[in-house]
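Participant: need a structure here:
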Amino acid sequence: MYSEEPKSESERATPDSPDRAFLPHPNRDLTHFSVGCLPLLRAVQFELLKFSVWHLDDTRGAHHNGQLATSSTFRSPPKLLLPGTFLAAGAFAAKKTPEERFNDFHAKALTSSPIKLADTSYKSLTSAPRDYTVAVLLTALENRFGCQLCREFQPEWDLLGKTWTKGDKKGESRLLFGTLDFSDGREVFMSLGLQTAPVLLLFQPTIGPHAVAAVDPLQYDFTSGPQSAEQVHAWLSRHLTDRPHPPVKRPINWMRWISSITIVLGLGTVLVTASPYILPVIQNRNLWAAISLIAILLFTSGHMFNHIRKVPYVAGDGRGGISYFAGGFQNQFGLETQIVAAIYGVLAFCAISLTVKVPRIGDNKRQQVAVLAWGGVLFIMYSFLLSVFRIKNGGYPFSLPPFINFSSGFELFAIAHRNAFFNLCWDSFTVVSLSKAQGNGLCPIRKSPFDRNVLVSRAALTFIPDHESTLSLH
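Facilitator: Down below sits the predicted model:
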């Protein structure tokens, strides 16, 4: 008797068999079955059609009691064929259109945006073709990674995703937000070759009215440090032209409002309670006059120049000493402005004292001494101011004792010092005489032609050169 030995499973399911579909071994993992599912599905359907009809089996020669046995049988499909068919069909049905994918992910975004992604959902969301835009943040939020920038930017990213999706519930902008953490998407990070985080990628449409030619995604720049939701919103808006851009709306910080209102009410209560003591100080004219004079002296002496140019406080003179004044009008030192401000302050105080304080002194002798004292201080300080000015402007020809540049101004001073001294004494005599007249009621100082403005002007000792190279007081 002749009988054919049954073929093994491996022999029946080999690619060389012309009438068999190559199926994976039942003990193998079927996860790779969906690779190239469309060609495989067609092959499986063809095999299923062949086995759905009656056909004659191969003629087998077998000798049973000396006779040749032939049979006509129905051979059912292999056990792996139908499960493979269903698996391939399910993989084919799972391949959705871009519109269906957008609708599915947009429905998830309405519930929670940005969408939390994994490896599979990331690939499905960003796969081509797509007629929508995807903004994906690849981050590493776990503490073991030590990504401070990731933790700082995550609230801003969540705020942007929520406000954008809330303002675009119909999906007119065709933009989806997603977040992929390293713990959920290791394969994506390795496939992209990322070694740092965070990374913000913008996948633009490949089909549709907003399609672009570039295939690679755009990447946001985090090199300048933590970014706000408004900055990322502006970046997205530049690349999403002709589409709505819902604005970023930050939630109301009720704690900040409550604390601000509490502070304002507390300050108001303190001011109302202390107003009887504070108002007289605030309304004091002398206080505001002092503040105004200090501000004027600071700004006229060049205080703002120091802040703008960041000038040094002092400098060396090249001979081992210290230089307090810088030559020229384009340079100055910090101490220089303070000295000039002090000179201006002393001169102003002298002028105010001679016009306001000295005339009110009742004793004639004390009044005369005060005039001479304040006049001397005024003269000395103005002489020092002229010497400082000569340092700034070396071509200035005038000076006063005791601060005189003998190399250039001694001859000029020798000609005019007697006239200057005489005018100074005359001013002092005029002040004393007017004070006596006011005390006797003979010459009220307000009605006198020698009023306070004249005295202040003459006491300022502003020297003007005349044609005879003399110094005259005005």
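Participant: Could you tell me how many residues sit around residue 125?
Facilitator: For residue 125, the count of nearby residues is 22 (other Cβ atoms under 10 Å). Yep, even glycine has a C-beta here, placed from its N, CA and C like the rest.
Participant: Mind giving me the packing neighbours of the helix or strand containing it?
Facilitator: Secondary-structure assignment from DSSP states H and E places residue 125 in helix 119-126. Packing partners of helix 119-126 (3 or more Cβ pairs under 8 Å, 6 or more residues apart in numbering; DSSP states H and E): helix 98-111, strand 133-139, strand 175-181, helix 186-192.
Participant: As JSON lines, those with distance to residue 242, mean pLDDT and mean neighbour count would be great.
Facilitator: Converted to JSON lines, the helices and strands packed on helix 119-126 look like this (distance: least, Cβ to Cβ, whole Å; pLDDT from 0 to 100; neighbours: other Cβ atoms under 10 Å):
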{"stretch": "helix 98-111", "distance to residue 242": "18", "mean pLDDT": "92", "mean neighbour count": "15"}
{"stretch": "strand 133-139", "distance to residue 242": "12", "mean pLDDT": "95", "mean neighbour count": "24"}
{"stretch": "strand 175-181", "distance to residue 242": "13", "mean pLDDT": "95", "mean neighbour count": "24"}
{"stretch": "helix 186-192", "distance to residue 242": "30", "mean pLDDT": "91", "mean neighbour count": "14"}
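Participant: what about the strands in the stretch 201-350 of the chain?
Facilitator: 218-219, 315-316, 322-323 (DSSP state E, counting those that start in this stretch).
Participant: CSV for those, including mean neighbour count and distance to residue 202?
Facilitator: Below are the strands of the stretch 201-350 of the chain laid out as CSV (neighbours: other Cβ atoms under 10 Å; distance: least, Cβ to Cβ, whole Å):
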stretch, mean neighbour count, distance to residue 202
strand 218-219, 12, 4
strand 315-316, 12, 55
strand 322-323, 13, 59
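Participant: TSV for the ones you listed, including distance to residue 379 and mean pLDDT?
Facilitator: Formatted as TSV, the strands of the stretch 201-350 of the chain follow (distance: least, Cβ to Cβ, whole Å; pLDDT from 0 to 100):
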stretch	distance to residue 379	mean pLDDT
strand 218-219	74	94
strand 315-316	30	90
strand 322-323	26	90
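Participant: Those strands into CSV, with extra columns for distance to residue 302?
Facilitator: Listed next are the strands of the stretch 201-350 of the chain as CSV, based on distance: least, Cβ to Cβ, whole Å:
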stretch, distance to residue 302
strand 218-219, 49
strand 315-316, 16
strand 322-323, 16
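Participant: before we move on, back to that, quick one, which of the helices and strands packed on helix 119-126 is nearest to residue 286?
Facilitator: strand 133-139 (62.6 Å; Cβ to Cβ).
Participant: which parts of the helix or strand just after the closest one are buried?
Facilitator: The C-terminal neighbour of strand 133-139 among helices and strands, as given by DSSP H and E, is helix 148-167. By neighbour count on 16 or more other Cβ atoms under 10 Å, the buried set for helix 148-167 is 149-151, 153-154, 156-165.
Participant: ok, these vs residue 386, which is closest?
Facilitator: Nearest to residue 386 among the buried residues of helix 148-167, with distances taken as Cβ to Cβ, is residue 149, at 60.8 Å.
Participant: does residue 207 really touch residue 129, like I thought?
Facilitator: Yes - here residue 207 reaches residue 129: they are 4.6 Å apart, a contact under Cβ atoms under 8 Å.
Participant: anything in contact with each of those two?
Facilitator: residue 98 (Cβ atoms under 8 Å, 6 or more residues apart in numbering).
Participant: re the thing from before, got the buried residues for the helix holding residue 125?
Facilitator: Going by 16+ other Cβ under 10 Å, helix 119-126 has these buried residues: 121-122, 124-126.
Participant: Can I get the residues you listed in JSON lines including pLDDT?
Facilitator: Converted to JSON lines, these look like this (pLDDT from 0 to 100):
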{"residue": "121", "pLDDT": "93"}
{"residue": "122", "pLDDT": "94"}
{"residue": "124", "pLDDT": "92"}
{"residue": "125", "pLDDT": "93"}
{"residue": "126", "pLDDT": "92"}
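Participant: Turn those residues into JSON lines, including distance to residue 181.
Facilitator: Output for the buried residues of helix 119-126, formatted as JSON lines (distance: Cβ to Cβ, whole Å):
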{"residue": "121", "distance to residue 181": "12"}
{"residue": "122", "distance to residue 181": "11"}
{"residue": "124", "distance to residue 181": "17"}
{"residue": "125", "distance to residue 181": "15"}
{"residue": "126", "distance to residue 181": "16"}
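Participant: hmm, back to that, and the buried residues of helix 148-167, which two are the farthest apart?
Facilitator: The distance between the two most remote of the buried residues of helix 148-167 (Cβ to Cβ) is 24.0 Å, for 149 and 165.
Participant: Ramachandran angles for residue 384?
Facilitator: phi -70, psi -40 (degrees, to the nearest 10).
Participant: how many neighbours does it have?
Facilitator: 17.
Participant: Excluding chain neighbours, what is closest to it?
Facilitator: Nearest residue to residue 384, sequence neighbours excluded (Cβ to Cβ, 6 or more residues apart in numbering): residue 403, at 5.0 Å.
Participant: ok, now how distant is that neighbour from residue 296?
Facilitator: 24 Å (Cβ to Cβ, to the nearest Å).
Participant: just residue 375 next, same as before
Facilitator: Residue 375 is 24 Å from residue 296, by Cβ to Cβ.
Participant: If you count surrounding residues, which of these two has more?
Facilitator: Taking other Cβ under 10 Å, residue 375 and residue 296 do not tie; residue 375 has more neighbours (20 against 14).
Participant: Please tell me how far that one sits from residue 350.
Facilitator: As judged by Cβ to Cβ, residue 375 and residue 350 stand 8 Å apart.
Participant: How about residue 168?
Facilitator: 74 Å.
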